[in-house]
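Undergrad: One predicted model, sequence on top.
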Amino acid sequence: MDRNNLRALLTELSTGQRDINSTLSLLEKLPYEDIGFARIDHHRQIRTGMPEVVFGEGKTSEQVAQIVELMAQRGSNVLVTRLASEPAEEVLSLLTRRKAEGVELPDWTYDAVARTLALRARPFEDMGRGEVIVACAGTSDLPVAREAANTAEMMNNRVALIADIGVAGLHRLLDQRDRLMEAEVIIAVAGMEGALPGVMAGLVDRPGIGGPGSVGYGANFGGLSALLTMLNSCAPGLSVVNIDNGYGAAAAAAQINRAR
């Protein structure tokens with residue numbers, strides 16, 4: 001539930017379109033709902049402007065499906081990250097079965113590359129001042145880049161993805177400079193040595209968020225090399241998130257981009 005949902009609910013109560021008991025049944029689940037193995041934070045979007053996102057890794061398919069169902073039934077857009085293909089099939093099978101039993105659920109989209117599952121209970125409402133551009137150095141960085149893009153879109157930002165513009169072919173990045181200048185904020189994802197975000201920060205006057213990726217050979221150390229490169233960039237104004245944290249990069253971008 002967000003501020004608009006809460007305002008609409010209270011308006012319906014004040015105008016007689018909804019009775020007190022039905023209003024109480026919805027409000028009693030705020031700020032969270034205890035289902036034993038999880039406490040679902042229905043109040044988070046009201047507090048922070050961003051809904052709770054479900055981290056799929058480490059949860060059973062049944063747990064993910066139950067959390068998704070309860071969040072969607074409360075009118076929340078739902079995003080699950082780090083949901084690999086095999087458990088995703090099990091989750092979607094469980095949700096399909098629940099729909100067949102008469103449970104109302106919005107349509108869903110599963111992105112196997114990003115490992116994200118999205119259910120949009122409410123239509124897209126542009127909440128940003130401008131566009132979030134997600135750029136990645138190589139095609140192998142797309143899983144992190146698409147996690148960032150999908151997350152930013154579910155947080156009601158206009159998003160564009162530009163792939164394979166790493167510094168091994170600097171002309172590819174320079175060709176996109178004018179397009180990058182159209183962004184309100186840029187997320188730059190890179191594995192290997194992680195040079196793209198720092199170079200980009202020296203070319204454009206937009207807030208930049210570096211997303212180090214774990215793609216690379218031996219001394220990349222699972223993304224540590226890219227992380228240290230970005231943290232030590234001499235280009236000013238570059239913020240950096242954790243290794244492979246597309247979600248975190250998108251959350252930061254959404255906060256920067258949000259119209260107030």
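TA: Yep, that arrived.
Undergrad: Surely residue 44 touches residue 50?
TA: Yes: taking Cβ atoms under 8 Å as the definition, residue 44 is a contact partner of residue 50 at 6.9 Å. C-betas here are computed from N, CA, C, even on glycine.
Undergrad: Show the low-confidence segments of the chain, by residue range.
TA: Applying pLDDT under 70 to the chain picks out residues 1-6, 24-30, 32, 43, 45-46, 48, 259-260.
Undergrad: gap between the residue minimising distance to the centre of the chain and residue 59?
TA: The centroid of the chain falls nearest to residue 151 when counting by Cα atoms, centre = their mean (1.7 Å). Residue 151 sits 18 Å away from residue 59, going by Cβ to Cβ, to the nearest Å.
Undergrad: Please apply the same query to residue 95.
TA: With the distance defined as Cβ to Cβ, residue 95 ends up 14 Å from residue 59.
Undergrad: Pull the number of nearby residues for the closest residue to residue 183 other than its chain neighbours.
TA: Spatial nearest neighbour of residue 183, excluding adjacent residues (Cβ to Cβ, 6 or more residues apart in numbering): residue 133 at 3.9 Å. Neighbours of residue 133 under the rule other Cβ atoms under 10 Å: 26.
Undergrad: Could you tell me which residues make contact with residue 133?
TA: Residues near residue 133 by Cβ atoms under 8 Å, 6 or more residues apart in numbering: 159, 160, 161, 162, 179, 180, 182, 183, 185, 186, 187.
Undergrad: For the fourth one, the count of nearby residues, please.
TA: Just to be clear, that refers to residue 162. By the criterion of other Cβ under 10 Å, residue 162 has 18 neighbours.
Undergrad: Ok, the last one next?
TA: Other residues near residue 187 come to 31 when the count uses other Cβ under 10 Å.
Undergrad: what secondary structure does it sit in?
TA: Classification of residue 187 using DSSP: H, G, I helix; E, B strand; the rest coil returns strand.
Undergrad: Write down the beta-bridge partners of it, one by one.
TA: As for beta bridges, residue 187 partners with residue 134, residue 209 under DSSP bridges.
Undergrad: follow-up on the earlier one: ok, the residue lying closest to the residue nearest to the centre of the chain once chain neighbours are set aside - contacts?
TA: Here the nearest residue to residue 151 in space, its sequence neighbours aside, is residue 250; by Cβ to Cβ, 6+ apart that works out to 3.6 Å. For residue 250, the contacting residues are 132, 134, 147, 148, 149, 150, 151, 152, 155, 187, by Cβ under 8 Å, 6+ apart.
Undergrad: thought residue 108 was touching residue 99?
TA: No: using Cβ under 8 Å, residue 108 is not in contact with residue 99, being 10.0 Å away.
Undergrad: which one of the two has more residues nearby?
TA: Between residue 108 and residue 99, counted using other Cβ under 10 Å, residue 108 has the larger neighbour count: 19 against 15.
Undergrad: burial measure for the closest residue to that one other than its chain neighbours, as a count.
TA: Nearest residue to residue 108, sequence neighbours excluded (Cβ to Cβ, 6+ apart): residue 119, at 4.6 Å. Residues contacting residue 119 under the criterion other Cβ under 10 Å number 20.
Undergrad: same question, residue 177
TA: By other Cβ under 10 Å, 12 other residues sit near residue 177.
Undergrad: just so I have it, where are all the helices in the stretch 101-250 of the chain?
TA: For the stretch 101-250 of the chain, applying DSSP state H, counting those that start in this stretch gives helices covering 142-154, 170-175, 177-180, 196-201, 224-231, 246-257.
Undergrad: helices or strands next to the fifth one in the packing?
TA: Helices and strands in packing contact with helix 224-231 are listed as helix 196-201, strand 208-212, strand 238-240; criterion 3 or more Cβ pairs under 8 Å, 6 or more residues apart in numbering; DSSP states H and E.
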